[in-house]
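> Predicted model, plus sequence, below.
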Amino acid sequence: MERYKIIKEVGDGTFGSVWRAINKQTGEVVAIKKMKRKYYSWEECINLREVKSLRKMNHPNIVKLKEVIRENDILYFVFEYMEYNLYQLMKDRGKLFSESEVRNWCFQVFQALSYMQQRGYFHRDLKPENLLVTKNLIKIADFGLAREIYSEPPYTEYVSTRWYRAPEVLLQSSTYNSAVDMWAMGAIMAELFTLRPLFPGSSEADEICKICSVIGSPNENTWAEGLQLANLIKYQFPQYPSVHLSVLIPSASKDAISLITSLCSWDPNKRPTAVEALQHPFFQSCYYVPPSLRSRAAVHKTPPSVGTRRALEQKSTGRFSGALSNSKPTSNPSAKIQPSLRTGVQRKLEMDYQEASKNDKSVKTCAKQPRYRPPARNSPTSLYTDRAARGVSDTAEKLSQITIGSGRQPVRQPVPSPMMAGGWHGQSDMFLGRSQEIPSGRSYSRKVVG
Ligand SMILES: Nc1ncnc2c1ncn2[C@@H]1O[C@H](COP(=O)(O)OP(=O)(O)OP(=O)(O)O)[C@@H](O)[C@H]1O
């Protein structure tokens, strides 16, 4: 580590603190993530397999892992340095972002997701804090890193966000897939427009409640499988009609609303894949180069993210091409997602249903704000400083005692790190898991340093 000069702490996550540093030899500015637990041998660097995968990921919109160092039993990840995360940008924002800013960012993130999805990976913890920005460039961070479920406090104060968690995960599906990232992107996109989280649930139960109050409760037509999942854990959805998203996101165009609506579909199978999202009319002005045509397009020196859509339109036959046809992509091979990537068994969640029946009576109403309120457009910044507005209230605290599958021990539940879609990682999944479970009675708070 003596090769690096540590400058200052820029982030403090669940598993590591992140520092800005300079490579003394090259002068390059990097971000060094120092893991909180100790690793007494390389074998103990439980996630090395994933680290190797991450190092292989080479995409302009995925934060590059440059180096992994273990020194004095401490594990360090050296990343390229990014100036901000999206949460910081939203928090400090005095006025709304323009639609073209939102489009530019989302287009880049969908390209990274498309890259990952085509390689059978998905992120599973997309949230504004994990989207890092330098100038116009945005990159996905924090995936594939070691997540230790057996680690001891000092992590107990942190409760990972549930605001971007897909309903199938909330309902403890054992077979979720890359569509969870698409859900998260819908929620993030909406938040970029309003600077308010779309589904600010204060507990898992309240999270579902918030979702119902926005997109309407699911039914046989919208998500038959979800009703079955709910049945399995004896959960009853609260009954709400849907609200048109344009009411909640007044600054967004019709195309943006259409994309967010489809990303936030109850049924994971009805959400677009990343490739399909890139073909949505919202991105009409953007220039997407399907991987199959990358080498040819490279000749034109097109920027990796956004440009003018000049070509390849005839190649786009995805979900949103033409008049929003329902036909599946045909001529664009990259748009053909292998069925296994969509439906593969990802993991077996550790579940404890002992008190699940409590949900029958407990989740008929949302905590606070029974309906999502349209954003206060004049004071968007207040959201991130107002605890109550973020759904953290006494009522919420109480509701959080009776969450879906409550009765669990307040220990870290393994939520696997980004992993090969369609693959069951078995034993190692325990090690790859990240904290997702919300210990009862704890409130969510974002931890952002700097
Ligand atoms: N490459 C980077 N460049 C600059 N800042 C970074 C970088 N990577 C991470 N950070 C900052 O550090 C914060 C925490 O990083 P990260 O999410 O990787 O930690 P974590 O322990 O995995 O967090 P979490 O609790 O979200 O799982 C990020 O939100 C970001 O603000």
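Yes, it's here.
> could you give me the average pLDDT of the helix or strand hosting Gln228?
Under the assignment given by DSSP states H and E, the secondary-structure element containing Gln228 is helix 220-232. Over the span of helix 220-232, the pLDDT mean works out to 96.
> list the buried ones in that helix?
By neighbour count, with 16 or more other CB atoms under 10 Å as the criterion, the buried positions of helix 220-232 are Thr222, Trp223, Glu225, Gly226, Leu227, Leu229, Ala230. For glycine as for every other residue, the C-beta is placed from the backbone atoms N, C-alpha and C.
> what's the following helix or strand after that helix?
Counting by DSSP H and E, the element that comes right after helix 220-232 along the chain is helix 245-248.
> Send me that following helix as CSV with only the CA atoms.
Taking C-alpha atoms only, helix 245-248 is exported to CSV below (Å, rounded to 0.1, in the frame of the first residue of the first chain):
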residue,chain,number,x,y,z
LEU,A,245,-46.9,8.1,-13.2
SER,A,246,-47.2,11.4,-15.0
VAL,A,247,-49.0,12.7,-11.9
LEU,A,248,-46.1,11.7,-9.7
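> For that helix, buried residues please.
Leu245, Ser246, Leu248.
> my guess is the last one contacts Leu198, does it?
It refers to Leu248. Yes - counting by CB atoms under 8 Å, Leu248 does reach Leu198; the two are 7.3 Å apart.
> and this structure, what are its domains?
Under the assignment the TED database, the domains of the chain span 4-80, 84-283.
> okay if I get those domains as JSON lines plus distance to the ligand?
Putting the domains of the chain into JSON lines (distance: least, CB to the nearest ligand atom, whole Å) gives the following:
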{"stretch": "domain 4-80", "distance to the ligand": "2"}
{"stretch": "domain 84-283", "distance to the ligand": "4"}
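> Tell me where the model's unsure across the stretch 151-300 of the chain.
Low-confidence regions of the stretch 151-300 of the chain, defined by pLDDT under 70, span residues 151-160, 288-300.
> Which residue ranges of it form helices?
Assignment of helices within the stretch 151-300 of the chain using DSSP state H, counting those that start in this stretch yields the ranges 167-170, 179-194, 204-215, 220-232, 245-248, 254-263, 274-278, 294-298.
> okay, those helices in TSV with distance to Lys66 next?
As requested, those are arranged in TSV below (distance: least, CB to CB, whole Å):
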stretch	distance to Lys66
helix 167-170	31
helix 179-194	24
helix 204-215	36
helix 220-232	41
helix 245-248	40
helix 254-263	32
helix 274-278	25
helix 294-298	24
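> Do you know the pLDDT at Gly120?
Gly120 carries a pLDDT score of 80 in this model.
> So the closest residue to Ala277 other than its chain neighbours: helix, strand or coil?
Leaving out its chain neighbours, the residue that sits closest to Ala277 by CB to CB, 6 or more residues apart in numbering is Phe110, at 4.8 Å. Recorded secondary structure, Phe110: helix (DSSP: H, G, I helix; E, B strand; the rest coil).
> And the one 4 residues further on, by the same measure?
For Ser114, the secondary-structure state derived from three-state DSSP is helix.
> Tell me if I'm right that it and Pro272 touch.
No - look at Ser114 against Pro272 with CB under 8 Å: they stay out of range, at 10.6 Å.
> so which helix or strand takes in Leu132?
strand 131-134.
> Can you list the strands that that strand pairs with?
In the sheet containing strand 131-134, its partner strands are strand 84-85 (antiparallel), strand 137-140 (antiparallel), by DSSP bridges.
> averaged over its residues, what pLDDT does the shortest one have?
If I follow you right, that is strand 84-85. 96.
> Could you pull out the buried residues of stretch 245-265?
Under the neighbour-count rule (16+ other CB under 10 Å), stretch 245-265 has 245-246, 248-249, 251-253, 255-265 buried.
> Stretch 111-120 now?
Within stretch 111-120, the residues that qualify as buried by neighbour count (16+ other CB under 10 Å) are Gln111, Ala112, Leu113, Ser114, Tyr115, Met116, Gln117, Gln118, Gly120.
> cool, and stretch 274-292?
Using 16+ other CB under 10 Å as the test for burial, stretch 274-292 gives 274-283, 286-290.
> which of those lies closest to Ile188?
Ala277 (12.2 Å; CB to CB).
> pretty sure the closest one is touching Leu263, no?
Yes - using CB under 8 Å as the test, Ala277 is close enough to Leu263 to be in contact (7.0 Å).
> what sits in contact with each of the two?
Contact criterion CB atoms under 8 Å, 6 or more residues apart in numbering; residues shared by Ala277 and Leu263: Met182, Met185.
> List the contacts of the closest residue to Asp142 other than its chain neighbours.
With CB to CB, 6+ apart as the criterion, Asp142 has its nearest non-adjacent residue at 4.4 Å, and that residue is Asn130. Contacts here follow CB under 8 Å, 6+ apart; on that basis Asn130 touches Asn85, His123, Ile140, Ala141, Asp142, Phe143.
> repeat that with 7 Å
The neighbours of Asn130, taking CB atoms under 7 Å, 6 or more residues apart in numbering as the test, are Ile140, Ala141, Asp142.
> ok, now Ile7?
For Ile7, the contact set (CB under 7 Å, 6+ apart) comprises Arg20, Ala21, Ile22.
> for the residues you listed, which one is nearest Thr14?
Nearest to Thr14 among those: Arg20, at 19.4 Å, using CB to CB.
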